[in-house]
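Turn this into a structure:
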Amino acid sequence: MVVDIHADVGKNRIYIRIEGQIDEARARSLGDAIIKEMDRLRPGFDVVSDLSKAEPLGPEGLAQFRRIVEAQRERKFGRAVRIVGRAAQTALQFSRTSKEVEHEPYLAFSREEAERLL
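Numbers count the residues shown, from 1 in each chain. Purely as a prediction, here's the structure:
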């Protein structure tokens, strides 16, 4: 599993990149780390999530995804773009879960496309 989380304070944007399978035991700490980075940003911040190489989430990963979306709302995020690439199964899982929590970000196939959407 590869995880990269970075808050760009200048752009008021958080970048999240996940590759591989999120270990259920680490899902909570990953959620904590993402929320901690969001706290460095101002209200109206944008979110870019690169899930193009991520595997579908397990139960704890899905719970943390919902928690992160709620934290974004509480912090009054602006726009969100999810980079899905060609990861169809993962993209579908995140799409279904996003609809359940009424969070529907723009979709992109690359980081360059995500930047253009913002």
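
rest of the way, CA atoms for contacts and neighbours
Will do.

quick one: least confident helix or strand in this structure?
When the helices and strands of the chain are scored by mean pLDDT, DSSP states H and E, helix 88-100 comes last with a mean of 69.

moving C-terminal of it, what's the next helix or strand?
Using DSSP states H and E, the helix or strand that follows helix 88-100 towards the C-terminus is strand 106-108.

what about that following strand, distance to the chain center?
The chain centre lies 12 Å from the centre of strand 106-108; the measure is Cα atoms, centre = their mean, to the nearest Å.

Pull out the buried residues from it.
Neighbour counts over strand 106-108 (16 or more other Cα atoms under 10 Å) mark 107-108 as buried.

Sheet partners, orientation included, of that strand?
Strand 106-108 has its sheet partners listed here by DSSP bridges as strand 80-83 (parallel).

what's the strand it pairs with in contact with?
By Cα atoms under 8 Å, 6 or more residues apart in numbering, the residues outside strand 80-83 that reach it are 46-52, 105-111, 114, 117-118.
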